[in-house]
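A.B. asks: Take a look and give me a structure for this.
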Amino acid sequence: AAGPRWVKTVKRDDRADEYVVDPDAREQISEWFRGKAWIYDNRIADDEDAEQAKLTELISEVVEQKGVRVILLDNLMTAMDLEPEGTNNDKYDKQSVFIKRLARLAIKYNVLILLVAHKKKGWNEVNEAVSGSADIVNLASIVISYERGKPDETPNPNTRWLKVTKNRLYG
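C.D. replies: Residues are numbered from 1 along each chain as shown. Prediction:
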């Protein structure tokens, strides 16, 4: 959000470079986001909270109470940690149930739910390459993939692609 003008790179010999946002820019960004973004991190919830939580219920609450219109879930496996255990222990069945809940919420509240799902290694066809249940792609209205060039590619290994591989809304 700060942009390159306000980010300072700190070079480290013993580890990766560190990027630091100018404190004034950070404060302006925080002020701009205030009331616009609500972040829930299940890594900081204690075990009792996580066991009692149901992510789809939390989403319903923030949509109804805060007027949230865009939900970003990063990523599917992390989100699954907050869903209650079902009667079936198959992870693909659990993913299907969870995806169906998200699809119903998106329609019910007319909100955008972005779910990050990772690609299977070695697969090229994006809509078949999503790791997990086939319902992840089947129930999605839009599927977007992000890819980057490989170091040995020519002419430019720094190329990035953002592709819409499924668009139920506009074909």
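A.B. asks: From now on I want contacts and neighbour counts done on CA atoms only, so please keep to that.
C.D. replies: OK.
A.B. asks: neighbours of Gly67, just the number please.
C.D. replies: 13 (other CA atoms under 10 Å).
A.B. asks: Look up how far Pro4 lies from it.
C.D. replies: Noted for Gly67: a distance of 32 Å to Pro4, by CA to CA, to the nearest Å.
A.B. asks: Any buried residues in the longest helix anywhere in the chain, and which?
C.D. replies: Longest among the helix segments of the chain by residue count, using DSSP state H, is helix 91-109. Residues 93-100, 102-103, 105-106 are the ones in helix 91-109 that count as buried (16 or more other CA atoms under 10 Å).
A.B. asks: which secondary structure elements does it contact?
C.D. replies: Counting contacts by 3 or more CA pairs under 8 Å, 6 or more residues apart in numbering; DSSP states H and E, helix 91-109 packs against helix 55-66, strand 112-115, helix 135-138.
A.B. asks: Least confident secondary structure element in the protein?
C.D. replies: Within the chain, no helix or strand scores below helix 47-52, which has a mean of 50 by mean pLDDT, DSSP states H and E.
A.B. asks: ok now do the residue nearest the centre of the chain, which residues does it touch?
C.D. replies: Averaging the C-alpha coordinates of the chain gives a centre point, and the residue nearest to it by CA atoms, centre = their mean is Asp74 (3.0 Å). Contacts were defined as CA atoms under 8 Å, 6 or more residues apart in numbering; by that measure Asp74 touches 115-117.
A.B. asks: Repeat the analysis, applying 7 Å as the threshold.
C.D. replies: Asp74 makes contact with 115-116, according to CA atoms under 7 Å, 6 or more residues apart in numbering.
A.B. asks: Got phi/psi on it?
C.D. replies: Backbone torsions for Asp74, taken as degrees, to the nearest 10, come to phi -120, psi 100.
A.B. asks: Would you quantify the distance from it to Ala25?
C.D. replies: For Asp74, the distance to Ala25 (CA to CA) stands at 25 Å.
A.B. asks: again, but for Trp38
C.D. replies: Separation of Trp38 from Ala25 (CA to CA) stands at 20 Å.
A.B. asks: Give me the nearest residue to Asn156, chain neighbours excluded.
C.D. replies: Closest residue to Asn156 apart from its sequence neighbours, by CA to CA, 6 or more residues apart in numbering: Gly149 at 7.4 Å.
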